[in-house]
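**Q** Just need the structure, nothing else, for what follows:
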Amino acid sequence: MNKIILALLILLRSFSINCQTKSTGNKLNFDFEIIENEHPTGWEKYGSSIVIFYLDSVTVRNGKYSAVIENKKGTPVFRALGYSIRENYDGKKITLSGYIKTENVTDGYAGLWMRIDPFVAFNNMEKTGIRGTTGWTKYEITSKMNPAKTEQIIVGGLLAGRGKMWIDELKVTIDGKDINELKPFEKKSFPAGKDREFDGGSQIKLEALNNNQIKNIKTLGLVWGFLKYYHPDIANGEFNWDYELFRVLPDIVNAKKNVERDTVLLKWIIKLGAFGSNSNNKIISSEVKFQPDLDWIINSDFSTALTSLLLKIRNANRPNRNYYIGLEPGVGNPEFKNENAYSSMKYPDAGFRILSLFRYWNFIQYFFPYKNLIEEDWKNVLEEFIPKVVYAKHETEYTLAILELIGRVHDTHANIWNRNQSLNKYFGENYAAAEISFVENKAVVTGFYDDKFGKESGLKTGDVINKVNDKPVEEIIKEGLKYTPASNYSIHLKRIAANLLRTNDSLIKVGISASGRDSSITLKTYSTEEINIYCKYQVKDTCFGIIEKDIAYIHNGYLKREYLPDIWENLKNTKGLILDLRNYPSDFPLYALSDYLMPKSVPFVKFTNGSIKNPGLFTYYGPIKVGRKNKNYYKGKVVVLINEDTQSSAEFHAMAYRVHPNATIIGSTTAGADGNVSEFYLPGGIYTIISGIGVYYPDGKETQRIGIIPDIEIKPTIEGIKNGRDELLEKAIEIINGL
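**A** Down below sits the predicted model:
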């Protein structure tokens with residue numbers, strides 16, 4: 001179920017502040033009674049189209065209609081209904097309540113959900129969801145509010161899995177008062193939000209660029225991003241910085257000489273207003289990971305006047321808050337604010353494409369905690385991609401240019417998410433039934449998305465794919481690397497494997513090696529409505545078991561904190577514990593489990609955060625400890641299983657469990673992308689994320705790109721896959737048994 005819920009989370013975030021759903025008069029249509037063209041006004045449906053939605057006038061809780069979400073075809077996918085409340089309201093807590101009736105809900109759950117944009121709160125009843133067959137029952141969920149940050153509130157119902165649910169008589173209250181009786185809250189308005197001049201387009205047309213123009217645009221990208229995060233009046237929301245770019249860009253492009261370019265920049269900056277200086281901006285911390293990259297101000301051969309002004313801005317007295325950037329409380333990862341997604345522009349014009357490049361490049365320049373690991377001069381990347389975004393002829397070329405740019409930061413978290421339609425068509429909307437993984441550097445069939453279709457395909461587990469549509473797999477890898485963002489080569493291969501048998505055709509030809517012989521076969525392909533490409537993440541299982549005498553096993557992907565007291569009673573006297581982290585955790589049991597495992601509190605991690613006052617600066621904090629003083633700690637052997645599926649939170653868990661006094665980590669390189677993520681949009685509605693905080697061992701040793709290094713490297717073999725063996729699990733048992 002983990003992948004269903006993750007996909008749901010990501011998708012529901014995609015219909016955020018650009019959704020056009022509106023409330024109807026003073027009466028919000030929470031009871032589905034206001035109907036237009038046989039559809040309840042204001043309600044939108046999201047998720048798989050194989051799950052149907054309709055109104056029911058027979059089975060109702062109150063009024064004439066209830067809403068129904070039904071999965072008739074059996075594949076455990078999801079569908080959600082969402083109602084967007086565009087107005088903002090003052091208050092501390094918001095509660096969504098409503099009645100739900102279910103029928104045969106399995107392999108998932110039914111429930112209510114609520115989200116406050118942008119990234120204020122989210123609740124989808126994942127831990128308390130409704131299963132089975134139930135009569136009309138009232139449920140409610142509550143979230144904390146932040147009216148100053150809120151741009152919209154979305155409420156609704158969801159079905160994740162199989163079965164049928166009815167929803168009726170929804171109600172939203174704020175601090176106990178019905179929302180229909182409250183007046184909307186007026187947020188403080190900023191001049192930046194009132195500038196609408198280029199809502200219809202940048203009016204910038206660029207065709208062939210000469211070298212001088214490319215260098216001018218690069219210079220503008222450097223200065224524009226620096227001002228965005230360093231100039232006090234921009235920080236205060238005085239300017240729509242997207243649209244200021246469009247005002248100055250034509251003069252910069254047309255500047256024939258550097259002196260002319262610098263004069264344009266100087267006049268532009270002076271118009272932004274005066275500011276005070278602050279000597280407290282000096283960086284004196286001994287815990288600096290790396291400093292802001294601002295040497296270009298001096299090294300770019302700018303005019304004396306322009307250089308002097310930029311240096312004064314570097315030392316300006318900046319506010320603690322910035323209209324465009326914040327740091328998440330308690331965590332410190334960047335929160336990119338007031339960044340319009342321009343979702344209606346599927347193929348943005350040249351000005352907006354340059355904006356997309358500038359926006360992303362400067363996010364990385366000032367707020368990516370691993371910029372030091374990019375391994376090339378990031379400023380050269382800016383120059384390289386200017387013609388790529390300008391010359392992009394259509395939506396797909398533009399999206400691929402951004403995908404390639406994202407790939408240059410080498411971060412497994414970073415990608416274009418939300419099942420981008422343009423990329424779906426580029427990689428292929430249909431899939432063969434076979435799951436592919438790279439084993440012993442070969443593309444190997446390791447399973448099937450659908451057993452019936454897999455049997456019909458003629459492929460067998462362990463078969464090696466050496467060609468796809470007559471193209472050697474090695475060539476496909478080479479061509480695909482630049483469009484496959486990842487922290488390390490293992491994740492490159494994992495993601496290329498997932499796309500290897502995708503196509504827009506109904507058939508795909510593959511060359512295979514099996515039983516020492518090469519042959520070719522034509523495979524039928526299927527849409528995601530016909531097969532479930534996440535099936536391997538949805539296997540029913542328990543999180544705990546005794547797999548051999550005195551050897552306990554925990555699957556971290558299913559483990560919940562509340563299970564631990566009962567698990568401990570069965571675990572505490574065993575001679576060995578296997579912690580399987582070849583998955584993504586569905587909960588965060590790290591600290592609770594470590595209290596049972598560790599004899600004392602032990603440092604296991606420290607972090608770096610960025611800075612609002614000095615953008616581009618990253619400093620350490622920590623270390624953070626795990627465990628507690630405990631004479632009854634777990635004294636058996638602990639073996640932790642890892643591989644390329646061990647990512648982010650799973651890697652963080654591995655770092656903690658590694659400090660057990662009798663721990664051994666076995667497996668292969670992990671995803672190399674630890675820590676909390678930061679989300680943002682680029683023009684055209686491109687949704688992406690980056691690793692938002694730096695994660696390190698207590699001694700400062702890197703984890704990003706490197707991943708968790710096993711004590712004993714062991715990988716699956718083709719022969720083992722053919723025979724259905726779990727070779728890592730077998731090795732773990734050997735270690736515990738002392739073999």
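**Q** From L564, how far out is N441?
**A** 40 Å (C-beta to C-beta, to the nearest Å). In this view, the C-beta of every residue, glycine as well, is placed from N, C-alpha and C.
**Q** ah, wrong one, I meant E395
**A** Taken as C-beta to C-beta, the span from E395 to L564 is 49 Å.
**Q** now T412
**A** According to C-beta to C-beta, T412 stands 29 Å off from L564.
**Q** And these two? Which one has more around it.
**A** Neighbour count, other C-beta atoms under 10 Å: between T412 and L564, T412 has more, with 27 against 18.
**Q** surely K606 meets I624?
**A** Yes: using C-beta atoms under 8 Å, K606 makes contact with I624 at a distance of 6.7 Å.
**Q** Which one of the two is surrounded by more residues?
**A** Neighbours were counted for K606 and for I624 using other C-beta under 10 Å; K606 has more, 18 against 14.
**Q** Just grab the bridge partners of that one for me.
**A** Here K606 sits in beta bridges with Y696, going by DSSP bridges.
**Q** so what's it up against?
**A** Applying C-beta atoms under 8 Å, 6 or more residues apart in numbering to K606 gives the contacts 620-624, 696-698, 700.
**Q** Kindly recompute the last result at 7 Å.
**A** Contacts for K606 (C-beta atoms under 7 Å, 6 or more residues apart in numbering) come out as 620-624, 696, 698.
**Q** which SSE is K509 in?
**A** Here K509 is covered by strand 507-514, with elements defined by DSSP states H and E.
**Q** Mind giving me the packing neighbours of that strand?
**A** Secondary-structure packing of strand 507-514 (3 or more C-beta pairs under 7 Å, 6 or more residues apart in numbering; DSSP states H and E): strand 464-468, strand 517-526.
**Q** Mean pLDDT, mean neighbour count and distance to K613 for those - can I get that in a markdown table?
**A** Output for the helices and strands packed on strand 507-514, formatted as a markdown table (pLDDT from 0 to 100; neighbours: other C-beta atoms under 10 Å; distance: least, C-beta to C-beta, whole Å):
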| stretch | mean pLDDT | mean neighbour count | distance to K613 |
| --- | --- | --- | --- |
| strand 464-468 | 98 | 20 | 52 |
| strand 517-526 | 95 | 14 | 53 |
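**Q** Identify, by residue count, the longest strand of the chain.
**A** strand 93-117 (DSSP state E).
**Q** distance between the ends of stretch 70-79?
**A** Stretch 70-79 has its terminal residues 9 Å apart, counting by C-alpha to C-alpha, to the nearest Å.
**Q** looking only at pLDDT, what's the mean for it?
**A** Per-residue pLDDT over stretch 70-79 has a mean of 73.
**Q** Flag the helix or strand of this structure with the lowest per-element mean pLDDT.
**A** Within the chain, confidence by mean pLDDT, DSSP states H and E is lowest for helix 2-14 among all helices and strands, at a mean of 38.
**Q** And the next helix or strand past it?
**A** Counting by DSSP H and E, what follows helix 2-14 is strand 35-36.
**Q** Okay, now the sheet partners of that next one, with direction.
**A** The sheet places strand 35-36 alongside strand 39-40 (antiparallel), with pairing taken from DSSP bridges.
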